[in-house]
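Participant: structure for this input, please:
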Amino acid sequence: MLDLAQLLRVPQVHPQFDISPDDIKLAFAWNKTGEWQIYEMDLDASSAPRPVTVGIGGKFNPRYSPDGTRLAYVLDMDGSESYHLIVYDFATGQHRDLTPNISHSLQPNFCWSPDGQQLAFLSDQHRHFSTYIVSINGCDAQLILDTGHPAWEVEWSSDGKRLAICCEMHGQDYGIFIVDRESREVTELDLNANGLKWSADGKKLTFHSDLHGWFDIAVYDLASKKNTWLTNSDGDSQSPIFISKSTDQCSSPQIAYTQSQGAFNWTEICHADGRSLPGSISTTILETLQPQQPLAQNDITKIQVGKGIHDGIKFTSNLKRMVCVFSSPSQPPDLWMINVEAGTSIQLTNSMPDELSHEEFILPEEIYYEGIDGVQVPALLFRPDGIPAPAVVMIHGGPNWHYSAEWNPLMAHFASRGFVCLHQTIAAQQAMGATGNMQRAMIWAAWIREMWRRARDIFCVRE
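Facilitator: Numbers count the residues shown, from 1 in each chain. The predicted model follows:
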């Protein structure tokens, strides 16, 4: 039996990490010692990770300055998530708090200006999170955008002319605002969208949106003020990034994003204008890969470490290596690197303690059962050797999130004790199509209660 206390103490790497501008190093947050610290390691894995920070407080979201001489991160001193914005200077070894003595909170998300002289961050100084800019010299912050809604993400265009900001709007919807730094003109994209990233020339913005039901990838062109939709799949396409300006094989930028179907996801690459790229890359680590459902676009480049969840995908500038945080029911979140050309992968960090490294983790199977109005409800089923057995049904809060095939200490513990464990993995898009998030939230509670009753009933008919 796997000890729950021991499982809960297993470290993990946070999915917000960064690759240095010269493609030589990685910076990431890791609670290897029980405290969240920033670590740095060589991308070729030639040396062990080394701590950049020490002392009390959780440190998260390290981001290299454009010239690689500094590293910014956020610091949570007491667990209240009232972050401070810190800049570390590699040359002097000094950590400087750009937000000292503040009584308000910061979001953990921020970004560098292209010249490396400023940082854009999100503060609730006026009782909701708004966008500010502060100099690395520590001058007073300048308010850039206050929409009246809490800001969640901010990204600076590579030409320095604009900021893209994602705000929480009504219900569980998000909105994107683009601020022109010179004219202060604000453009709002009229759709529920987030996960924004700029193109290398600063003329386009990519994001994911559930306008058509599932989350799909779109590219917004500033000149035409039009969206180009790149995906249309029976699953969520999310977290897009521009990964090149040009290559020898193609003249248009490329988009990489995570694609999910059921409880698993992987990475896909396509052209930013919608044309697909040839090829398929997948490597197996701990489990045997099962055939996936056909993708919406033919011949898309597909990259994965194994069956599980890929998060925080980043590519080196030459597109030869992809780094992500990967986890599965038998693998805590760790950094992995894939050689895109060879299709091989290596594990960069190792969070699994030695005493658990040889333990057998029960892996779930994906099942479907009939729910309300004949809707097929996907679920993860942990099936013990002995049947009949006591059962645990896990439901989630919804409507825009579901259980995935990732590291879950509680389920690993129950399964090791001989419990049948059922994770409902349905998200609202599967049951309610393109209905808005506000409407989804209003009916979700009653809907999920009925799903729980039906999930409970299947234990009476399944062996």
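
Participant: from here on, just use CA atoms for contacts and neighbour counts.
Facilitator: Fine.

Participant: just for the stretch 251-400 of the chain, where's the confidence low?
Facilitator: Within the stretch 251-400 of the chain, the segments meeting pLDDT under 70 span 251-252, 274-299, 371-373, 396-400.

Participant: apply 50 and report the result again.
Facilitator: Residue ranges of the stretch 251-400 of the chain with pLDDT under 50: 277-298.

Participant: all helices of it, in order?
Facilitator: Assigned by DSSP state H, counting those that start in this stretch, the stretch 251-400 of the chain shows no helices.

Participant: would you list the phi and psi of Arg127?
Facilitator: For Arg127, the backbone dihedrals (degrees, to the nearest 10) come out as phi 80, psi 0.

Participant: so it versus Gly175, what's the distance?
Facilitator: The gap separating Arg127 from Gly175 is 19 Å, by Cα to Cα, to the nearest Å.

Participant: any idea how far stretch 11-18 is from the chain center?
Facilitator: The chain centroid and the centroid of stretch 11-18 are separated by 10 Å under Cα atoms, centre = their mean, to the nearest Å.

Participant: now do the end-to-end distance for that stretch.
Facilitator: Length of stretch 11-18, first residue to last, Cα to Cα: 19 Å.

Participant: and for stretch 224-239?
Facilitator: Counting by Cα to Cα, you get 23 Å between the two ends of stretch 224-239.

Participant: burial count for Pro390?
Facilitator: Applying other Cα atoms under 10 Å, we find 14 residues neighbouring Pro390.

Participant: confirm for me that it is in contact with Val420.
Facilitator: Yes - Pro390 is within contact range of Val420, at 6.2 Å (criterion: Cα atoms under 8 Å).

Participant: quick revisit: between Arg127 and Gly175, which one's more packed in?
Facilitator: Higher neighbour count among Arg127 and Gly175: Gly175, with 21 against 11, using other Cα under 10 Å.

Participant: which SS class is that one?
Facilitator: Classification of Gly175 by DSSP: H, G, I helix; E, B strand; the rest coil places it in strand.

Participant: start at 39 instead
Facilitator: In the new numbering, first residue 39, that becomes Gly213.

Participant: which residues does it bridge with?
Facilitator: On the basis of DSSP bridges, Gly213 is bridged to Cys205.

Participant: just the pLDDT at Asn139, thanks.
Facilitator: Among the per-residue scores, Asn139 holds a pLDDT of 86.

Participant: and it, how many neighbours does it have?
Facilitator: For Asn139, the neighbour count with other Cα under 10 Å is 8.

Participant: which helix or which strand is home to it?
Facilitator: Using DSSP states H and E, Asn139 sits within no helix or strand.

Participant: how close does it get to Tyr121?
Facilitator: Relative to Tyr121, Asn139 is positioned 11 Å away (Cα to Cα).

Participant: got it, and Gly251?
Facilitator: 34 Å.

Participant: more neighbours: which of those two?
Facilitator: Neighbour count, other Cα under 10 Å: between Gly251 and Tyr121, Tyr121 has more, with 26 against 21.

Participant: so that one sits against Leu144, correct?
Facilitator: Yes - the pair Tyr121 and Leu144 passes the contact test of Cα under 8 Å, sitting 5.1 Å apart.

Participant: looking at this, Phe452 is in a helix?
Facilitator: Yes - counting by three-state DSSP, Phe452 is part of a helix.

Participant: residues contacting it?
Facilitator: Contacts for Phe452 (Cα atoms under 8 Å, 6 or more residues apart in numbering) come out as Val458, Cys459.

Participant: what is the burial count for the closest residue in space to Glu206 that isn't next to it in sequence?
Facilitator: Nearest residue to Glu206 in three dimensions, chain neighbours excluded: Tyr212, at 4.5 Å (Cα to Cα, 6 or more residues apart in numbering). By other Cα under 10 Å, 22 other residues sit near Tyr212.

Participant: for Asn147, see how far away Tyr212 is.
Facilitator: Tyr212 sits 15 Å away from Asn147, going by Cα to Cα.

Participant: likewise for Ile216?
Facilitator: 17 Å.

Participant: likewise Thr107?
Facilitator: Thr107 sits 20 Å away from Asn147, taking Cα to Cα as the criterion.

Participant: same check on Trp445?
Facilitator: Distance of Trp445 to Asn147, given as Cα to Cα: 24 Å.

Participant: quickly find the element holding Asn147.
Facilitator: Using DSSP H and E, Asn147 falls within strand 144-150.

Participant: repeat for Asp239
Facilitator: In the assignment (DSSP H and E), Asp239 maps to no helix and no strand.

Participant: and for it, the neighbour number?
Facilitator: Neighbour tally, Asp239, other Cα under 10 Å: 11.

Participant: that one contacts Trp194, doesn't it?
Facilitator: No - judged on Cα under 8 Å, Asp239 makes no contact with Trp194 at a distance of 11.6 Å.

Participant: which residues touch the nearest residue to Glu119 once chain neighbours are set aside?
Facilitator: Excluding the flanking residues, the one nearest Glu119 by Cα to Cα, 6+ apart is Ser143, at 7.5 Å. Neighbouring residues of Ser143 by Cα under 8 Å, 6+ apart: Glu119, Ser120, Tyr121, His122, Ser161, Asp162, Gln163.

Participant: so the second one sits against Asn139, correct?
Facilitator: No - the pair formed by Ser120 and Asn139 falls short of the contact definition of Cα under 8 Å, at 11.7 Å.

Participant: strands - which of the contacts of Ser143 land there?
Facilitator: His122, Ser161 (DSSP state E).

Participant: residue with max distance from the center of this protein?
Facilitator: Pro426 (37.7 Å; Cα atoms, centre = their mean).

Participant: separation between that residue and Ala158?
Facilitator: 56 Å.

Participant: and the closest residue to Leu144 other than its chain neighbours, what's its pLDDT?
Facilitator: Sequence neighbours aside, Ser161 is the residue nearest to Leu144 in space, at 4.5 Å (criterion: Cα to Cα, 6+ apart). Per-residue pLDDT puts Ser161 at 96.

Participant: bridged to Ser161, which residues?
Facilitator: When bridges are called by DSSP bridges, Ser161 pairs up with Leu144, Ser168.

Participant: what is the neighbour count of it?
Facilitator: Neighbours of Ser161 (other Cα under 10 Å): 25.

Participant: so who does it touch?
Facilitator: Ser161 neighbours (Cα under 8 Å, 6+ apart): His142, Ser143, Leu144, Gln145, Phe167, Ser168, Thr169, Tyr170.

Participant: for Val125, same thing?
Facilitator: Contacts of Val125 (Cα under 8 Å, 6+ apart): Arg108, Leu109, Ala110, Tyr111, His133, Arg134, Asp135, Leu136, Ile174.

Participant: of all those, which comes closest to Ser277?
Facilitator: Using Cα to Cα, Tyr111 is the member of the contacts of Val125 that lies nearest Ser277, at 20.7 Å.

Participant: and that closest one, what does it touch?
Facilitator: Shown in contact with Tyr111 (Cα under 8 Å, 6+ apart): Lys97, Phe98, Asn99, Pro100, Arg101, Leu123, Ile124, Val125.

Participant: now, which of the residues you listed sits nearest Asp311?
Facilitator: Among the contacts of Tyr111, Arg101 lies closest to Asp311 (Cα to Cα), at 28.7 Å.
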